[in-house]
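Enquirer: Would you be able to build a 3D model of this:
(2 chains)
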Amino acid sequence: MSGKKNTGGRLYTYLIMLFLYAPILVLIVFSFNGINSRTVWQGFTLKWYGELFADRGILSSFYTTISVSVLSAAIATVAGTLTSVGLFNMRRRWRAPLLYINNIPLINADIITGVAMCLLFVSLGSVLKFRLGFGTLLIAHITFNIPYVVLSVMPKLRQLDENLVDAAQDLGCTWFRAFRRVIIPEILPGVVNGAMIAFTMSIDDFVISYFTAGSGVMTLSMKVFSMTRKRVSPKINALSSLMFAAVLLMLLAINIREIRQERVAKNKARPLSGIPARSGRGAK
Amino acid sequence: MKRRSLAVPYVFWMAGFIVAPIALIVVYAFTAKSGGFTMANFSAMGKYFSVFSRSFALALIATVVCLAMGYPAAGMLARVPARRQRILMMLLMLPMWMNFLLRTYAWMSILEETGLLNRLLGVFGISPVHLINTQAAVVIGMVYNFLPFMILPVYSVIVKIDRSLIEAAQDLGGSPRAVFLRVTLPLSLPGVLSGITMVFVPAVSTFVISQLLGGGKDILLGDLIEMQFLGQAYNPNLGSAIALVMMVVVMIFMFFMNKFGEGEDKAVIM
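Expert: Got it, this is the predicted structure:
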């Protein structure tokens, strides 16, 4: 009976995956299409890839997306980590409301965050004489990225044994040295995770960028959106296929590394078998 | 480790870029175009009642479909061996890394009148279905885009459920149905609740999906707000009022969701 149930479950999982991947498959297949059509297939070609690398508009929007994502993720990671340490040391009475405000961009619909910042930048801009552009776009991205970093670093700080820091300082470390040598290594997984989430959120964002970038700057999403109002060129399909390949390779690399690290960790842990493993998983 | 001051810059940042913008929405919502306090923006909203009800209805349908599709998928995922679980999780996350606009655009070519779905149906001699520029297409787009947001939180809760609780229920003679209803489901409720909000909130406020797949015919709340800020009907005051009402309604919705799940762990966000 359980075998039968498993087949059903497997089939269902495949169906969900088919649903999730069908559109991506369509995008990729039609990036090799001989004619400019998104439904009729007419022979194999690579010309859209060639044309993609000659299209200034698409390329510049791609660079904008990459630079705003990398910059905002990097800044948010540093700022979010330092903020988390600060918040963690605050009294609960102060920490709780601040964390609540920190969560607002996560809870609010993107369009609310977008129009709210749009209002702010437009009103500030009319006073301080600046226009919406890359600067406002970057500020918006940093603002919605920091909460993700804080949210992923905080739990790691809670797990941190505070005695370690005290010990380091008792042994003559300055606070900064203790921070670098003791706190950072302990919370690193949370920091890396936060950076990854921030980067993903940035690169995938359309709505907030749309409201905060003004008319001069375009991210890739904005470019695609403006094209869907007229006609989307298969060059966009070519670009999305390349991005898909890049993401796939990156995720594969991360996973292989993780599996390797786990193996190393397991081998290292063996001599210390007197210490009971904290998680029940993995140990059969 | 006493370094409270490290959080101070961010407190100012939050005041400037999180609190102030939302305060501006409130101010704009109660201000007339020419300046001065007014309630006119709210009374003008009556004619958009159909937009409100349509947005909430479509988002609700999409959320229910996501739950119906996502819960079993999450349960299935939690039961496969750890190694395969990791691969499946990766496969689930991978589409989220692809640009959201591109994926929605791809659905246009699938759902079109002469699109791939109708071609496929034609091969089997089934008459074509009219989907593009309908509300059904909008719901499909919502479900497609937000399904992972349902699966992930539900999965992360189910995977942590202590197996021995389920085994105990089975040992005590619980039927599979009873075990699910009395043990698994209540324990997975926090994940379900956060899944529901993570699907509902973006679905109710979308304007991309309705414009790409709905043809801009039956506009949604997101479209309405977008039009007031960047579209032809430029009126940020009315736009702010609509945004404020939407925010408040969603907040009330989430408050009741959390009440409903009280006693359980708070809904997890990621």
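
Enquirer: rest of the way, CA atoms for contacts and neighbours
Expert: Fine.

Enquirer: what's the offset of stretch B:163-181 from the middle of its chain?
Expert: Its chain's C-alpha centre and that of stretch B:163-181 lie 32 Å apart, by CA atoms, centre = their mean, to the nearest Å.

Enquirer: who's in contact with that stretch?
Expert: The contact list for stretch B:163-181, computed with CA atoms under 8 Å, 6 or more residues apart in numbering or on different chains, reads B:183-184.

Enquirer: That one: end-to-end distance?
Expert: From its first residue to its last, stretch B:163-181 covers 15 Å (CA to CA, to the nearest Å).

Enquirer: Now do the buried residues in that stretch.
Expert: For stretch B:163-181, burial by neighbour count (16 or more other CA atoms under 10 Å in any protein chain shown) applies to B:166, B:169, B:174, B:179.

Enquirer: What's the local residue count around the closest residue in space to B:Gly216 that isn't next to it in sequence?
Expert: Nearest residue to B:Gly216 in three dimensions, chain neighbours excluded: B:Ser210, at 6.1 Å (CA to CA, 6 or more residues apart in numbering or on different chains). B:Ser210 has 27 neighbouring residues, counting by other CA atoms under 10 Å in any protein chain shown.

Enquirer: What of B:Phe124?
Expert: Close neighbours of B:Phe124, defined as other CA under 10 Å, add up to 9.

Enquirer: And for B:Ile225?
Expert: 27.

Enquirer: Could you give the backbone dihedrals for it?
Expert: Phi and psi for B:Ile225, reported as degrees, to the nearest 10, are phi -70, psi -40.

Enquirer: how near is it to B:Pro236?
Expert: In this structure, B:Ile225 and B:Pro236 are 8 Å apart, going by CA to CA.

Enquirer: And B:Leu60, by the same measure?
Expert: Distance check for B:Leu60 against B:Pro236: by CA to CA, it reads 27 Å.

Enquirer: the more surrounded of those two?
Expert: B:Pro236 (25 against 19).

Enquirer: Now the residue of the stretch 151-284 of chain A found nearest chain B. Nearest residue, chain neighbours left out?
Expert: Residue of the stretch 151-284 of chain A nearest chain B, by CA to the nearest CA: A:Asp204 (5.4 Å). Leaving aside its sequence neighbours, A:Asp204 sits nearest to B:Asn99 (CA to CA, 6+ apart; 5.4 Å).

Enquirer: same thing with B:Gly214?
Expert: For B:Gly214, the spatially nearest residue (CA to CA, 6+ apart) is B:Asn133, at 3.9 Å.

Enquirer: Tell me which residues touch that neighbour, please.
Expert: Contacts of B:Asn133 by CA under 8 Å, 6+ apart are B:213-217.

Enquirer: quick one: the helices in the chain?
Expert: I went with chain A, as the question did not name one. A:2-29, A:47-52, A:56-88, A:92-107, A:110-128, A:134-159, A:162-170, A:175-178, A:184-204, A:207-212, A:220-228, A:234-269 (DSSP state H).

Enquirer: that's the wrong chain, I meant chain B
Expert: Residue ranges of the helices in chain B, as given by DSSP H, are B:8-14, B:20-29, B:40-43, B:49-79, B:82-97, B:100-111, B:116-123, B:135-158, B:163-171, B:176-179, B:185-204, B:208-213, B:221-229, B:236-260.

Enquirer: Could you dump those into a markdown table and include distance to A:Ala246 and mean pLDDT?
Expert: Below are the helices of chain B laid out as a markdown table (distance: least, CA to CA, whole Å; pLDDT from 0 to 100):
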| stretch | distance to A:Ala246 | mean pLDDT |
| --- | --- | --- |
| helix B:8-14 | 34 | 95 |
| helix B:20-29 | 36 | 96 |
| helix B:40-43 | 47 | 90 |
| helix B:49-79 | 26 | 94 |
| helix B:82-97 | 10 | 84 |
| helix B:100-111 | 15 | 88 |
| helix B:116-123 | 26 | 86 |
| helix B:135-158 | 21 | 94 |
| helix B:163-171 | 38 | 89 |
| helix B:176-179 | 43 | 88 |
| helix B:185-204 | 27 | 92 |
| helix B:208-213 | 25 | 92 |
| helix B:221-229 | 32 | 93 |
| helix B:236-260 | 37 | 88 |
